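>>> Sequence and predicted model, in that order:
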Amino acid sequence: MIRTTERRATHAYRLFQVEVRRAVRLGPSFVRVTFTGPELDAFADNGFDQRIKVVFPLPGRTLDELAWGTDWHERWRALPERERPALRTYTVRAVRPASAEVDVEFVVHGDSATASRWAAAAAPGDRVGLVGPDARYPGEHRGVGFRPPSGTSTVLLAGDETAVPAVVNILERLPSGMRGVALLEVPHRDDVRPVVAPAGVTVTWLARHGAAHGSLLIPAVSEAAARRPVLRVGRDNVIAHESDGTAPIWEVPDPSAAVPTGTFTWLAGEAGVVTTLRRRLVGQLGVDPSTVAFMGYWRRGANAV
């Protein structure tokens, strides 16, 4: 029999049919769901903050109307809007091709949002779709925002609860000699967990306990960034998507063209908080944007995850 990974792929991403193997509550705000499926041995392990999409069937429906594979998006778009399964973007937490498993951590915050409601009740056998990178594809998959330029020796990582899985994954993959700071704002003190990180990287958890999003993260990031060297140069080397009031801010620098400061900053979370941080770091502190990845994972008041 030919293993899945032995067949060449022509698309960087595909839709994998998966089901829940187990779901583990990590704290008041997090559930780690382990998915399994017949072709997950071909799910690429790109590490860091690899983005994927989770496809949730409508209540009382299955995903059988979608073709599993590379033409999933065309089939999804062809459906009437009211019949389209919900798509939500997440970060891969772990990939284990040998056991055909992929872990995704979900933020749970009540039952008013599709993904939160689903994750809180996830049980073995529940089926969803994962749109993820195909390991058989010979080219670049993309979808990774943590791309520090060569020579980076110091990092500043920061985000709210939606960025925690990405930051934890990044920390685990950093070189042992890396130095820096990781700042994680979460809803509750009980959301704090042990993290594997290089000895030179300080990890600080900021528990809001009902305070507003960003109320702890913004001053903490500002203070950490103020200790960086200030370089006032151009923005020509940034892949930018500025917020127009509806879409989140999204700027990922080109690592081959970034200014070689030795420091790389990665910021993700609620779009309004990220926008505030961008203005403060770039506009007030003079941090060069070609050394910073700014990513609005979600927007307050928009469709919740």
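In hand now; what should we look at?
>>> Please make it C-alpha for all contacts and neighbour counts, starting now.
Will do.
>>> domain assignment for the chain?
What the TED database lists as the domains of the chain is 13-133, 154-298.
>>> Report the central residue of the protein.
Central residue of the chain (CA atoms, centre = their mean): residue 91, 3.6 Å from the mean position.
>>> and whichever strand or helix holds that one, what other elements does it pack with?
According to DSSP states H and E, residue 91 maps onto strand 86-96. Applying 3 or more CA pairs under 8 Å, 6 or more residues apart in numbering; DSSP states H and E, one finds that strand 86-96 contacts strand 51-56, strand 101-107, helix 164-173.
>>> Pairing partners for the second one, with directions?
Right, strand 101-107. Partners of strand 101-107 in the sheet, by DSSP bridges, are strand 30-36 (antiparallel), strand 86-96 (antiparallel).
>>> what does the first one rub up against?
Spelled out, it's strand 30-36. Applying CA atoms under 8 Å, 6 or more residues apart in numbering, the external contacts of strand 30-36 come out as 18-26, 100-108, 119-120, 122, 191.
>>> please redo it, this time with the cut-off set to 6 Å
18-25, 100-108 (CA atoms under 6 Å, 6 or more residues apart in numbering).
>>> Same check on the last one?
Outside strand 86-96, the residues that touch it by CA under 6 Å, 6+ apart are 45, 49-56, 102-104, 165.
>>> Could you list the buried residues of it?
Within strand 86-96, the residues that count as buried by 16 or more other CA atoms under 10 Å are 86-95.
>>> Using CSV, write out the CA atom coordinates for that strand.
Output in CSV follows, covering the C-alpha atoms of strand 86-96 (Å, rounded to 0.1, in the frame of the first residue of the first chain):
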residue,chain,number,x,y,z
ALA,A,86,-18.4,27.9,9.5
LEU,A,87,-14.7,28.6,8.9
ARG,A,88,-12.5,29.8,11.7
THR,A,89,-8.7,30.4,11.7
TYR,A,90,-6.5,28.7,14.3
THR,A,91,-2.9,27.9,15.1
VAL,A,92,-1.6,24.4,15.0
ARG,A,93,-0.4,23.4,18.5
ALA,A,94,1.3,20.1,17.6
VAL,A,95,1.6,17.7,14.7
ARG,A,96,2.4,14.0,15.1
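>>> That strand: how far from the chain's middle?
Here strand 86-96 is found 8 Å from its chain centre; the criterion is CA atoms, centre = their mean, to the nearest Å.
>>> Helix or strand with the lowest mean pLDDT in the protein?
Ranking every helix and strand in the chain by mean pLDDT, DSSP states H and E puts strand 238-241 at the bottom, with a mean of 39.
>>> I'd like the helices and strands packed on strand 86-96 as TSV, with distance to residue 78 appended.
Listed next are those as TSV, based on distance: least, CA to CA, whole Å:
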stretch	distance to residue 78
strand 51-56	15
strand 101-107	28
helix 164-173	32
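>>> Counting by contacts, list what the top strand by length along the chain packs against.
For the chain, the strand with the greatest residue count under DSSP state E is strand 13-27. Packed against strand 13-27 by the contact rule (3 or more CA pairs under 6 Å, 6 or more residues apart in numbering; DSSP states H and E) you find strand 30-36, strand 127-133.
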